[in-house]
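Any chance you can model this:
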Amino acid sequence: MDIKTLGSFLHTLDTDGHLLDLMPRKIVWLSGAPGAGKGTNERYIIEYGHLYPSPLVASSLLNSPEMREKINRGMLLDDGTVISSVFSGLQDPIYQDGVVVDGYPRTEGQAYSIYWLYQQLENYGARPQFSVLVLTLDEEESVRRQLYRGQRAQEYNKRIQKSGQGVLKEVRPTDLDPEIARKRYRVFMEQTYTALQTLRGKLPFIAIDGNGSLQEVKEKVLSAVQILKINED
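Reported below is the predicted structural model:
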């Protein structure tokens, strides 16, 4: 979808005239290479920024069988579907005090939609606080972590099935196949990471090196959120 078409499409999303009224003013757009630690570290961002206690996970809004099949193959969905799903999800009143959006944007069109929304809110006098945090990772470490995550999830599920107690964990197909895991990483770097760069200089933006121990990455994340001052109203 080219920028002109995307701009027209975005204006059609405000069907009842309340899009800007219902949008959170404070949003942290959190992205990261597969296995970089978004799920592990987002709680520090939420606690520091006094945001809604659970992130809005973009992929959780895309649940049709067709969408899930593409996602499980490491593919990206079309911009119109993803943008409308995320913007609709953000209008939930539970996010009015602020929220972390996990896994969005993934394309240049989706990145454009974030800045478009920011500008609309500014023009509306809403004083938006948008920040972009990106966790990066080396390819081999990303693949290793994805496969390790899949292995641990399978082992955990076997214990649950044996005991009959507990809730099974989701086992992602991308976490079981080295080639799909590698493809997922390369899609992130070639498309998502490139798209994210278009937001540099437009919104507060920090890239965090996700290589290292859990404690090392946690310290980097805490340092980043302090720099971004996301706890300020």
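
Excluding sequence neighbours, find me the nearest residue to the residue nearest to the spatial centre of the chain.
For the chain, the residue sitting closest to the mean C-alpha position, by Cα atoms, centre = their mean, is residue 103 at 1.7 Å. Closest residue to residue 103 apart from its sequence neighbours, by Cβ to Cβ, 6 or more residues apart in numbering: residue 58 at 4.3 Å. C-beta here means a position set from N, CA and C on the backbone, and glycine is covered the same way.

Pull the residues that contact the helix ranked longest in the chain.
Longest helix in the chain by number of residues (criterion: DSSP state H): helix 139-163. For helix 139-163, the surrounding residues in contact (Cβ atoms under 8 Å, 6 or more residues apart in numbering) are 33-36, 137, 166-172, 174-176, 178, 181-182, 184-186, 189, 211.

Any of these buried? List them.
Restricting those to buried positions leaves 33-36, 137, 171-172, 174-176, 181-182, 184-185, 211, with burial counted as 16 or more other Cβ atoms under 10 Å.

show me the contacts for residue 113.
So residue 113 contacts 6, 10, 79, 83, 87, 105 (Cβ under 8 Å, 6+ apart).

Repeat the analysis, applying 6 Å as the threshold.
Neighbouring residues of residue 113 by Cβ atoms under 6 Å, 6 or more residues apart in numbering: residue 83.

repeat for the one 4 residues further on
Contacts for residue 117 were tallied using Cβ under 6 Å, 6+ apart; there are none.

For it, what is the enclosing helix or strand?
Element membership of residue 117, judged by DSSP states H and E, is helix 108-123.

other SSEs contacting the next helix or strand after that helix?
Sequence-wise, the next helix or strand downstream of helix 108-123 (DSSP H and E) is strand 129-136. Other helices and strands packing on strand 129-136, by 3 or more Cβ pairs under 6 Å, 6 or more residues apart in numbering; DSSP states H and E, are strand 26-32, strand 205-209.

what's the burial count for the closest residue to residue 108 other than its chain neighbours?
Distance criterion Cβ to Cβ, 6+ apart; nearest residue to residue 108, sequence neighbours excluded, is residue 195 at 4.3 Å. Using other Cβ atoms under 10 Å, residue 195 has 19 other residues around it.

Wasn't residue 195 part of a strand?
No: counting by DSSP: H, G, I helix; E, B strand; the rest coil, one finds residue 195 to be helix, located in no strand.
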